[in-house]
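Asks: Build me a model:
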Amino acid sequence: MNRILLVLALLLCGGAQAAPPDVARPEAFAFGGTVAEIQARLAPLCASLRLRVVLPMTAPLARESQHQIDCEGFVYAGQPRKVELVFQDDRLDLVWILIPEAERASIVEAFAARYGAPSFEIPFGTVYLQLGAAVRRQPSEVMFASSRQARAMLAQLQAATPATDP
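Replies: Model prediction:
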């Protein structure tokens with residue numbers, strides 16, 4: 001009798017589908033937050049934190065300073081990840097969450113399950129304008145951008161796209 005119950009339990013569990021990983025932007029990534037504020041939020045969530053000054057500045061909105069926090073072990077989509085947080089003039093504007101290439105398709109599926117169809121697909125990756133988010137192809141990572149950064153990126157993309165006549 002116990003074996004029958006065990007087999008039934010295994011069959012029922014085997015038929016259940018796992019929920020897609022949670023791909024929402026974590027609350028710890030508060031866009032516009034200062035380096036000090038975000039460091040304090042991340043301290044209990046990262047296995048290690050490293051703050052770097054980026055010189056020369058490469059971020060498009062940085063006028064006075066560019067900093068980056070590298071966080072190891074942050075749990076995103078159910079797995080510990082490396083996260084890179086980019087600050088332009090002491091404001092958080094970009095978050096890059098590195099994911100293994102083998103997980104990219106499941107992350108894109110989880111975005112679609114949660115948010116619907118992407119705004120568009122380009123060689124860069126799968127883009128969700130309404131979220132200020134993308135799943136990049138190379139390197140394989142999830143990107144979240146502040147609204148001001150997303151506007152700058154969209155303007156840059158539009159400038160690089162040739163106009164077509166109707």
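Asks: burial of the closest residue to Ile99 other than its chain neighbours, as a residue count?
Replies: Leaving aside its chain neighbours, Ile99 sits nearest to Ser140 (5.3 Å; criterion: Cβ to Cβ, 6 or more residues apart in numbering). From N, CA and C alone the C-beta is placed, and that goes for glycine too. Neighbour count of Ser140, defined by other Cβ atoms under 10 Å: 16.
Asks: How much space separates Ser140 from Glu101?
Replies: Note on Ser140: its distance to Glu101, by Cβ to Cβ, to the nearest Å, is 4 Å.
Asks: Excluding sequence neighbours, find me the nearest residue to the residue nearest the centre of the chain.
Replies: Computing the C-alpha centroid of the chain and ranking residues by Cα atoms, centre = their mean puts Val142 first, at 3.2 Å. Nearest non-adjacent residue to Val142, counting by Cβ to Cβ, 6+ apart: Ile97, 4.3 Å away.
Asks: Glu109: which element?
Replies: Per DSSP states H and E, Glu109 falls inside helix 104-115.
Asks: residues making contact with that helix?
Replies: With contact meaning Cβ atoms under 8 Å, 6 or more residues apart in numbering, helix 104-115 is reached by 20-24, 77, 99, 118, 126, 128, 130-131, 133, 135, 137, 140, 142.
Asks: Any of those residues buried? List them.
Replies: In the contacts of helix 104-115, burial by neighbour count holds for 20-21, 23, 77, 99, 118, 126, 128, 131, 133, 135, 140, 142, counting by 16 or more other Cβ atoms under 10 Å.
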